[in-house]
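>>> What follows is a predicted protein model with its sequence.
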Amino acid sequence: MSTTKKVDVLVRDGVAERGQMVRVDVFRKKNKRDAWEYYLVPIYPHQVFDAEDWPSPPNRAVQAYKSEDQWPEMTPDHHFLWSAYPMCFLEIEKPDGTFIDGYFRGADRTTGAISLSAHHSRDETVRGIGAKTLSSIRKCSIDRLGRRTEILSEKRTWRGAVCT
């Protein structure tokens, strides 16, 4: 899809929108107060597709209201937890003790916030959940009978190979 807005992805002699995120890689690291901070690294279709320009996965995490070149780079100090794909189930605890659970709908690259939809309705979506300062964020697998099992961690992969 061609566009006249800011350059997102160069395609031949023009530009195209990035499209929806394929996944968001979630990392965490302890801050100076010994509390976890969460980092979201967005992965787009053109990055997965273009092996020449993207031989390894993107490693910059969204930082609110900063340009992509100012986003922090994930280092060995940042622990990879798992990848959030659209419609995977997340359980979140906000710093004020509020719990929110639902299906991952996406992340906002401008603010670093995520959106979840209720388990019973796609139309009931909670937006603007700031990820960096959450008390906890958990990914769950849900079996056929509705039982939740927390996924503690995954191996980070890129084009089928482990890359952590």
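Cool, the structure landed.

>>> For the rest of this, base every contact and every neighbour count on C-alpha atoms.
Fine.

>>> Spatially nearest residue to the most centrally placed residue in the chain, not counting backbone neighbours?
Against the mean C-alpha coordinate of the chain, by Cα atoms, centre = their mean, the closest residue is residue 24 at 2.6 Å. Closest residue in space to residue 24, ignoring its immediate chain neighbours: residue 42 at 4.5 Å, by Cα to Cα, 6 or more residues apart in numbering.

>>> phi, psi of that neighbour?
phi -80, psi 140 (degrees, to the nearest 10).

>>> Please list all residues in contact with it.
Residue 42 makes contact with 21, 22, 23, 24, 25, 58, 61, 62, 107, 109 under the criterion Cα atoms under 8 Å, 6 or more residues apart in numbering.

>>> Relative to residue 145, which of those residues is nearest.
Minimum distance to residue 145 across the contacts of residue 42 is 25.8 Å, recorded for residue 23 (Cα to Cα).

>>> Residue 112 contacts residue 134, correct?
No: in this structure residue 112 lies outside contact range of residue 134 using Cα atoms under 8 Å: 11.7 Å.

>>> If you count surrounding residues, which of those two has more?
Ranked by neighbour count (other Cα atoms under 10 Å), residue 112 and residue 134 place residue 112 first, with 22 against 18.

>>> Would you map the strands across this structure?
9-11, 14-16, 23-30, 36-43, 79-84, 89-93, 99-108, 113-118, 121-130, 136-142, 148-151, 157-158, 161-162 (DSSP state E).
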